[in-house]
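**Q** Sequence first, predicted model second:
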Amino acid sequence: MRHNKISASLACLIFASSLTVAEVQAAEFKYNSSVSVKVGKSVVLKGARGKTCEDGAPNWADVAANLPKSTTGAYSDGGVGTTRSQRCGKAVPARGIKFTAKSAGKERLQVYGDPVSITVF
């Protein structure tokens, strides 16, 4: 019986440790003003932050609703991480905007206030 208690305690400790490691390794989203992507591949364009410097990362539905239409690819949730905000003067929570290339071409989009040139080959 003692062996089972030790194993259960060890499992809980390992689980708790993995949560801490995941929090420490949160992605830092950098703004990419120009990307070249092969059809079928993905890249994170940038991180979208909340309306204020104290807000948490916005949810994906809110971010997706404010993205421009793309003729060369599709957007998806890049997860939660941080981005350096010039307005806030520090790293703030953000939602990654992942772009997956669907068809060859070039386009220039405004993504959350920043210009992004996309080339899909």
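**A** Alright, I've got the coordinates.

**Q** measure the nearest residue to Thr82 once chain neighbours are set aside to Arg49 for me?
**A** With sequence-adjacent residues excluded and distances taken as C-beta to C-beta, 6 or more residues apart in numbering, Thr82 is closest to Ala91, at 4.4 Å. Heads up, the C-betas are built off the backbone N, CA and C, glycines and all. Using C-beta to C-beta, to the nearest Å, one obtains 10 Å as the distance from Ala91 to Arg49.

**Q** neighbour count winner among the two?
**A** When Ala91 and Arg49 are compared for neighbours, Arg49 comes out ahead with 25 against 16, by other C-beta atoms under 10 Å.

**Q** what's across from the more buried one in the sheet?
**A** Counting by DSSP bridges, Arg49 is bridged to Ala94.

**Q** Just list the residues touching it, thanks.
**A** 55, 57-58, 83, 85, 88, 92-94 (C-beta atoms under 8 Å, 6 or more residues apart in numbering).

**Q** still on that earlier bit, which ones are touching the residue nearest to Thr82?
**A** 28, 82-85.

**Q** Need the per-residue pLDDT for it.
**A** Reported pLDDT at Ala91 in the predicted model: 94.

**Q** what do you get for Ala27?
**A** 88.

**Q** what number of residues lie near it?
**A** Neighbour count for Ala27, taken as other C-beta under 10 Å: 15.

**Q** for the one 5 residues further on, same thing?
**A** A total of 17 residues lie near Asn32 under the criterion other C-beta under 10 Å.
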